[in-house]
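Engineer: the sequence isn't on hand, but the structure is:
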């Protein structure tokens, strides 16, 4: 018989589950707006969309708002998304990634409350957090309460594992509006509380917390299936490496979009994959040469030589990701090594999106600092570790967020 000490942890309940279980939390609502997408499901009913579960429970949702990738969470990265009508509920959908990034006053002033229920991946440049930022400010201006239906940070919430750089204000954009680190180690509910205190004190904010989440554990310990949060985030493994490998979207290398495991691999037809795998070493991380053919992005339809990232101790992935892994530092180390190995072939690239149509300064927007390209190019192998460690420090983040922590 399995002892209590060795029993698996009780599966986590999300904020939406807790709201559904407590009718008193919603008793006075008559007109509700909901910021959501198809990735948002109750923990206890992962085949059901959050919006349908809320409507079935009698929550009077009258208007939906969709972030980047649209309500269906299937639109291409950076693609302009138009307003629509939800074919599942018949409700109007206001797009917050296209004609506008922030809801207009007319979209929310007739509502009793706005609910926010979208799964995040824990990286500053994943845009769902900045949809929250704009919704928070719009609710403050319109005098409408905002309620976050919170969800775990899939990378865990150990604050000492936060990785910078902190955002330089000169690099502000829709993939970073506030000076938070690349890997922030907060839930969206905690980020909202931080922003309320620092930027938006007039908003009436409430957070319906998760139950049973231990911030020292990453997604596998949550005990719930991974629902793809966007087209290029089909696996938890993609989310693990995303804070570091997404930096390659500012280069002429592929991040394996359109394969079965985007962001776990980087490559190009000219990459010396075996040499790169020997050059870069990270504790607990397996870096192996591979070949893949991306369907999107640089070298679409061409075979790329690349490296694939994996965790050595898969049985302990939840604790390792949350407490030991440094994906941002690893991504920068890979960048520096490739620049050294391929001075003629490597190049920086623009990355056009609806939020940045000409795609300029994409690395600065991602990493949060100006001039990182020159710093990486000037590094010798002996300088790499110390310089990148200094660059990725999240100075004062722990003290700054201590009052915002909910778990």
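Structural biologist: Received, thanks. Bear in mind that the values here come from a model prediction, so they are computed numbers and not experimental data. Numbering: from 1, shown residues only.
Engineer: what's the nearest residue to residue 28 if we skip its chain neighbours?
Structural biologist: Leaving aside its sequence neighbours, residue 28 sits nearest to residue 112 (Cβ to Cβ, 6 or more residues apart in numbering; 7.2 Å). Quick note: C-beta positions are derived from backbone N, CA and C, even for glycine.
Engineer: what is the burial count for the one you found?
Structural biologist: Close neighbours of residue 112, defined as other Cβ atoms under 10 Å, add up to 15.
Engineer: for it, what are its contacts?
Structural biologist: 28-32, 144-145 (Cβ atoms under 8 Å, 6 or more residues apart in numbering).
Engineer: from these, which would you call buried?
Structural biologist: Those of the contacts of residue 112 that meet the buried threshold are 29, 32, 144, by 16 or more other Cβ atoms under 10 Å.
Engineer: beta partners of the second one?
Structural biologist: Right, residue 32. residue 61, residue 113 (DSSP bridges).
Engineer: what residues does it make contact with?
Structural biologist: Applying Cβ under 8 Å, 6+ apart, the residues near residue 32 are 26, 54, 59-62, 111-115.
Engineer: going through those residues, which ones are buried?
Structural biologist: By 16+ other Cβ under 10 Å, those give 26, 54, 59, 61, 111, 113-115 as buried.
Engineer: most widely separated two among these?
Structural biologist: For these, the maximum inter-member distance is 14.1 Å, found between 54 and 111 (Cβ to Cβ).
Engineer: okay, the spatially closest residue to residue 281 that is not a sequence neighbour and residue 386: tell me how far apart.
Structural biologist: Closest residue to residue 281 apart from its sequence neighbours, by Cβ to Cβ, 6+ apart: residue 287 at 7.5 Å. To residue 386, residue 287 is 20 Å away according to Cβ to Cβ, to the nearest Å.
Engineer: more crowded one of those two?
Structural biologist: Legend: neighbour count by other Cβ under 10 Å for residue 287 and residue 386, higher for residue 287 (19 against 10).
Engineer: returning to what we had before: any chance of the contacts of residue 112 in JSON lines with distance to residue 352, secondary structure and pLDDT as columns?
Structural biologist: JSON lines is the format used below for the contacts of residue 112 (distance: Cβ to Cβ, whole Å; DSSP: H, G, I helix; E, B strand; the rest coil; pLDDT from 0 to 100):
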{"residue": "28", "distance to residue 352": "45", "secondary structure": "coil", "pLDDT": "93"}
{"residue": "29", "distance to residue 352": "40", "secondary structure": "coil", "pLDDT": "97"}
{"residue": "30", "distance to residue 352": "42", "secondary structure": "coil", "pLDDT": "97"}
{"residue": "31", "distance to residue 352": "37", "secondary structure": "coil", "pLDDT": "98"}
{"residue": "32", "distance to residue 352": "35", "secondary structure": "strand", "pLDDT": "98"}
{"residue": "144", "distance to residue 352": "34", "secondary structure": "coil", "pLDDT": "98"}
{"residue": "145", "distance to residue 352": "36", "secondary structure": "coil", "pLDDT": "98"}
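Engineer: so what pLDDT did residue 222 get?
Structural biologist: You'll see residue 222 listed with a pLDDT of 95.
Engineer: ok, residue 143 next?
Structural biologist: Predicted confidence (pLDDT) for residue 143: 98.
Engineer: now swap in the one 4 residues further on and tell me
Structural biologist: Reading off the confidence values, residue 147 has pLDDT 98.
Engineer: test my guess that it contacts residue 208.
Structural biologist: Yes - if you go by Cβ atoms under 8 Å, residue 147 and residue 208 touch, sitting 6.4 Å apart.
Engineer: give me the common contacts of the two.
Structural biologist: Contacts common to residue 147 and residue 208, judged by Cβ under 8 Å, 6+ apart, are residue 19.
Engineer: who's more crowded, the two?
Structural biologist: residue 147 (25 against 22).
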